[in-house]
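Engineer: Sequence and predicted structure are below.
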Amino acid sequence: MDLSPQAITFAHANSARFLTEMKELLSIASISTDPEKNPDMLQAATWLMAELKKRAFENIQLLPTKKHPIVFAEWLGAGADKPTVLVYGHYDVQPADPLDLWESSPFEPTIRGDLIFARGASDMKGQIMACLKAIESIQSAGAFPVNLKFLFEGEEEIGSPNLEPFIREHTDLLKCDLALNPDSGMIAADIPTVVYGLRGLAYFEIRLRGQATDLHSGLWGGVVQNPANVLADLLAGMKDKDHHITLPGFYDRVRPLSAIEKQEIARLPMDEKYYLAGTGARKLVGEKGYSWIELASTRPTLDVNGMYSGFMGEGSKTVIPCYAMAKVSMRLVPDQDPEEIRQSLVKYIEARLPVTMTYEVIVHAGNPASFTDPNTPGVRALEKALEVVYGKRPVFKREGGSIPVVGHMKHLLNAESVLTGFGLPDDNLHAPNEHLNLPNWYRGIDTLIHFFYNLQP
Ligand code: BES
Ligand code: MN
């Protein structure tokens with residue numbers, strides 16, 4: 001039965017309370033990378049468990065991992081003949097720094113106009129709340145049309161290091177027909193979007209050590225090699241003048257775009273202007289021979305995400321540092337393999353590193369790119385739902401960001417992920433003043449209500 005009109009009436013009547021509850025979750029500083037925030041991580045997980053308890057879910061558990069716990073719950077009351085949907089979410093957020101660039105405090109959710117500002121508003125506590133509130137609205141209207149499981153992890157923003165073994169050990173518990181993953185987003189508030197591909201990520205820390213200690217750059221400068229200079233040279237050499245990545249074998253496994261996909265992508269409204277506006281860059285720069293949208297979603301990248309060496313304090317200090325470090329990550333596309341990319345980085349460093357230096361490469365994250373088959377009942381259900389709520393057919397796009405769980409669910413649970421989300425490209429994800437567009441969030445709740453009813457066989 002499709003009781004979506006009743007469910008949507010409930011959602012609209014309760015919209016103010018939904019917002020209040022989202023603010024509660026947004027007030028918790030659940031920054032997964034910061035050990036000082038471990039109590040907040042636990043608080044966010046506990047908050048979600050309490051929310052699930054209110055809705056009479058069963059088997060609600062806080063399952064430990066090596067770092068942050070996973071929240072699980074289920075409701076299998078629809079019966080074995082109905083599909084089971086695994087709803088994924090991550091309750092962790094990125095650090096809020098630099099704090100002084102926020103116009104309101106990151107963990108005091110603040111509404112200005114149509115936007116709610118808080119770390120995690122768009123990525124992705126707001127998206128978790130949209131799912132939970134859609135589900136609540138459906139429950140208020142009658143029996144839930146499909147079976148549900150929930151997996152809320154706390155380590156997505158650090159690359160989900162403990163999720164693969166967790167899923168491997170809990171394949172029975174997590175068994176499902178499809179996953180709903182609301183951790184991606186839309187192209188624009190008036191362009192309903194289905195995401196069918198994500199890039200992967202290979203994230204490294206490169207450490208160089210020169211002589212045993214820092215040295216006076218006047219007394220000793222001129223006769224020793226400086227690890228900061230050497231690291232700069234290594235990093236600069238990782239791309240040629242055409243912005244092509246030079247690591248040996250880096251592109252070997254890159255699957256070329258099919259002619260059809262190339263055409264489809266070219267139709268999306270994402271031209272130079274779009275990327276200029278979205279980035280605030282003076283000029284776009286990228287590998288020769290590809291359109292901007294191809295570069296931002298279907299080609300691999302290499303970026304320095306952080307660098308450290310020598311004196312970083314106020315003022316000046318004349319020193320030759322003994323140590324230099326850079327954090328370097330690559331966005332991967334099908335069929336690149338994170339371990340092969342590590343080997344190619346190591347080969348590159350070994351071929352160039354002068355004898356004055358020793359090096360170390362630390363792996364922070366590695367997950368391959370993923371694709372969702374658009375011809376599945378889950379994607380069709382989402383497509384129909386978006387069309388009803390937004391009044392136009394959705395576009396299909398590949399996203400440049402990464403969500404490690406999508407690949408794990410496919411390989412370990414044989415479950416395709418339906419990727420959605422109601423955040424927008426200018427929500428300042430991972431940046432100061434992250435926000436969520438509230439009218440679009442409410443449309444998202446309506447969309448998810450339709451989605452679940454559309455899944456009925
Ligand atoms: N939600 C993002 C990824 C995303 C953003 C997908 C917008 C589609 C549209 C996710 O939380 C994220 O930021 N992931 C990290 C993953 C990494 C730490 C392994 C990323 O892409 O940097
Ligand atoms: Mn996210």
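Structural biologist: Everything's here; your move. Ligands and ions are numbered 1, 2, ... in the order given.

Engineer: how about the residues of the stretch 101-250 of the chain that lie near ligand 2?
Structural biologist: Neighbours of ligand 2 within the stretch 101-250 of the chain, by Cβ under 5 Å from the ion: 123-124, 183. (C-beta placed from N, C-alpha, C; glycine too.)

Engineer: Let me know the closest of those to Ala56.
Structural biologist: Comparing these against Ala56 with Cβ to Cβ places Met124 closest, at 24.4 Å.

Engineer: So what's the residue count around the residue lying closest to Phe371 once chain neighbours are set aside?
Structural biologist: With sequence-adjacent residues excluded and distances taken as Cβ to Cβ, 6 or more residues apart in numbering, Phe371 is closest to Gly197, at 4.9 Å. The local packing of Gly197 (other Cβ atoms under 10 Å) involves 22 other residues.

Engineer: Just want the residue of the protein that's nearest ligand 1.
Structural biologist: Gly401 (3.0 Å; Cβ to the nearest ligand atom).

Engineer: Give the helix, strand or coil label for the residue nearest to Phe371.
Structural biologist: Here Gly197 is strand, with the state taken from DSSP: H, G, I helix; E, B strand; the rest coil.

Engineer: sorry, back to before: quick one: the nearest residue to the residue of the chain closest to ligand 1 once chain neighbours are set aside from Asn181, how far?
Structural biologist: The shortest distance from Gly401 to any non-neighbouring residue, by Cβ to Cβ, 6+ apart, is to Leu198 (6.4 Å). Distance from Leu198 to Asn181, counting by Cβ to Cβ, to the nearest Å: 9 Å.

Engineer: How about the contacts made by the residue of the chain closest to ligand 1?
Structural biologist: 184, 198-199 (Cβ atoms under 8 Å, 6 or more residues apart in numbering).

Engineer: Keep those residues, but drop any that are not near ligand 1.
Structural biologist: Ser184 (Cβ under 6 Å from any ligand atom).

Engineer: May I see the contacts of Gly401 organised as a markdown table, with distance to Ala259, pLDDT and neighbour count added?
Structural biologist: Formatted as a markdown table, those follow (distance: Cβ to Cβ, whole Å; pLDDT from 0 to 100; neighbours: other Cβ atoms under 10 Å):
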| residue | distance to Ala259 | pLDDT | neighbour count |
| --- | --- | --- | --- |
| Ser184 | 25 | 95 | 25 |
| Leu198 | 22 | 97 | 30 |
| Arg199 | 21 | 97 | 26 |
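
Engineer: What is the nearest of the contacts of Gly401 to ligand 2?
Structural biologist: Using Cβ to the ion, Ser184 comes nearest to ligand 2 of the contacts of Gly401, at 8.3 Å.

Engineer: quick one: that closest one and Leu419 touch, right?
Structural biologist: Yes: with contacts defined as Cβ atoms under 8 Å, Ser184 counts as touching Leu419 at a distance of 4.6 Å.

Engineer: quick one: common contacting residues for the two?
Structural biologist: 195, 198, 399, 403.

Engineer: Which pair of those spans the longest distance?
Structural biologist: Top of the distance list for the shared contacts of Ser184 and Leu419 (Cβ to Cβ): Val195 and Ile403, 9.5 Å.

Engineer: Which residues are in contact with each of the two?
Structural biologist: Common neighbours of Val195 and Ile403 (Cβ under 8 Å, 6+ apart) are 184, 419.

Engineer: Contact partners for the spatially closest residue to Thr193 that is not a sequence neighbour?
Structural biologist: Of all residues not flanking Thr193 in the chain, Met186 sits nearest, at 4.3 Å (Cβ to Cβ, 6+ apart). Shown in contact with Met186 (Cβ under 8 Å, 6+ apart): 192-193, 421-424, 440.

Engineer: Most neighbours among those residues, which one?
Structural biologist: Phe422 (29 neighbours).

Engineer: what comes up buried for stretch 27-38?
Structural biologist: 27-32, 34, 37 (16 or more other Cβ atoms under 10 Å).

Engineer: Could you single out the nearest of the residues you listed to Gly113?
Structural biologist: Ser27 (20.3 Å).

Engineer: surely that closest one meets Glu108?
Structural biologist: Yes: shown here, Ser27 and Glu108 form a contact pair, counting by Cβ under 8 Å, at 6.8 Å.

Engineer: Arg255 and ligand 2: what is the separation?
Structural biologist: 25 Å (Cβ to the ion, to the nearest Å).

Engineer: How about the residues of the stretch 1-150 of the chain by ligand 1?
Structural biologist: Residues of the stretch 1-150 of the chain lying near ligand 1 (Cβ under 6 Å from any ligand atom): 123-124.

Engineer: ok, which stretches of the stretch 1-150 of the chain are helices?
Structural biologist: 4-13, 15-26, 38-54, 126-141 (DSSP state H, counting those that start in this stretch).

Engineer: so what's Val195 scoring on pLDDT?
Structural biologist: As predicted, Val195 sits at a pLDDT of 95.

Engineer: How about the secondary structure of the residue of the stretch 151-300 of the chain found nearest ligand 2?
Structural biologist: When you check the stretch 151-300 of the chain against ligand 2 by Cβ to the ion, the closest residue turns out to be Asp183, at 4.4 Å. Here Asp183 is recorded as coil under three-state DSSP.
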